[in-house]
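Asks: build the 3D model from these lines:
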Amino acid sequence: GAWTEPGMRFDLRFEYINQDQPMSGSSKVGVGQIPQHHDEVQTTNRNWLATVDYAFNDKWGVAATLPVVDRDHTHIHNHQGQKLVDNWNFTEVGDIRVLGRRQWSSENREALRLDSYGVTFGLKLPTGETDVRNANGDLAERSLQPGSGTTDILLGAYFSRQLGSGSSWFSDLQVQQPLNSHENFKPGMRVGFDVGYRYSAGDKLTLMVQLNVLYKDRDQGTEAEPEDSGGKFLFMSPGLSYMIAKKVQLYSFVQLPLYQYLNGVQLTADWSVVAGISTRF
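Replies: As a prediction, this is how the structure comes out:
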């Protein structure tokens with residue numbers, strides 16, 4: 001959720017996403033089951049995201065996120081009857097995000113309830129590389145590159161309600177829309193919606209669960225693969241956080257797919273995990 005107390009917060013998060021299951025529509029398929037120019041085999045993502053968040057007061061704040069993308073990808077190139085295995089392995093800085101927010105709050109003392117709601121607005125900047133190659137000099141597909149090369153506008157809104165029992169629930173919506181294309185590639189619009197609940201199981205331990213809805217439009221351009229991009233997703237993400245010091249907490253989530261519908265053939269993960277540490281100054 002959005003930070004409300006004035007001051008600075010630093011968050012370092014690690015994501016592990018092992019996409020090793022091809023899917024078409026809502027069905028799992030085998031590698032090469034649906035003939036294509038190249039058969040997707042596996043993409044393993046190990047990403048680090050560092051975020052600096054500064055709240056000027058209880059109304060205004062800004063956050064900047066720097067991702068480092070560590071990605072392995074394997075596919076089989078079908079060339080004149082031959083099956084050629086291509087691999088990419090790189091660690092690169094991705095696209096930086098800068099997000100501002102305006103927040104309001106209202107309190108109901110009789111119901112022991114505090115509501116917070118606000119809007120977010122910002123940009124994803126084209127800081128990541130778009131021309132990463134493997135050891136053979138082959139250029140990685142544009143959707144695999146650490147950066148998209150585009151400047152994207154980020155717009156969103158959120159609501160949270162703190163309850164007297166120490167629990168709370170929240171919802172948020174964010175839209176990411178590219179403003180331009182880069183070298184004949186434009187990623188599809190993304191719309192994400194989340195709703196979650198947190199329960200304080202003591203002074204230090206908090207239990208959480210989220211539902212995550214994601215819609216991804218098809219990529220566009222001659223360097224894109226519109227027939228094999230975009231889809232609709234629904235995930236459940238249980239997690240917990242633990243306060244190891246007054247201003248420091250550890251947290252982790254596991255994301256499990258409940259429903260996925262993918263255009264063409266794309267790789268998916270049976271589960272993903274995120275873990276991080278957050279501290280206030």
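Asks: pLDDT on stretch 181-193, on average?
Replies: Across stretch 181-193, pLDDT averages out at 97.
Asks: name every strand pairing with the helix-or-strand element of the chain with minimal mean pLDDT and say which way it goes.
Replies: Least confident helix or strand of the chain, by mean pLDDT, DSSP states H and E, is strand 97-108 with a mean of 90. With DSSP bridges as the test, strand 97-108 is paired with strand 60-79 (antiparallel), strand 113-124 (antiparallel).
Asks: any buried residues in it, and which?
Replies: Buried residues in strand 97-108, counted by 16 or more other CB atoms under 10 Å: Arg97, Leu99, Arg101, Gln103. The C-beta positions use only the backbone N, C-alpha and C, and glycine is treated the same way.
Asks: check contacts around the first one.
Replies: By that I understand Arg97. Under the criterion of CB atoms under 8 Å, 6 or more residues apart in numbering, the neighbours of Arg97 are Ala63, Ala64, Thr65, Gly122, Leu123, Lys124, Leu125, Leu154.
Asks: repeat for Thr130
Replies: Counted by CB under 8 Å, 6+ apart, Thr130 has contacts Arg142, Gln145, Gly147, Ser148, Gly149, His182, Glu183, Phe185.
Asks: of those residues, grab the buried ones for ChimeraX.
Replies: Selecting only the buried entries of the contacts of Thr130 in ChimeraX, with 16+ other CB under 10 Å as the criterion:
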select :142,145,147,148,149,182,185
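Asks: farthest pair in the buried residues of strand 97-108?
Replies: Greatest spacing in these, by CB to CB: Arg97 and Gln103 (18.3 Å).
Asks: thinking again about what came up before, I'd like the strands paired with strand 97-108 as JSON lines, with distance to Ser24, mean neighbour count and mean pLDDT appended.
Replies: Output for the strands paired with strand 97-108, formatted as JSON lines (distance: least, CB to CB, whole Å; neighbours: other CB atoms under 10 Å; pLDDT from 0 to 100):
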{"stretch": "strand 60-79", "distance to Ser24": "15", "mean neighbour count": "18", "mean pLDDT": "95"}
{"stretch": "strand 113-124", "distance to Ser24": "29", "mean neighbour count": "18", "mean pLDDT": "92"}
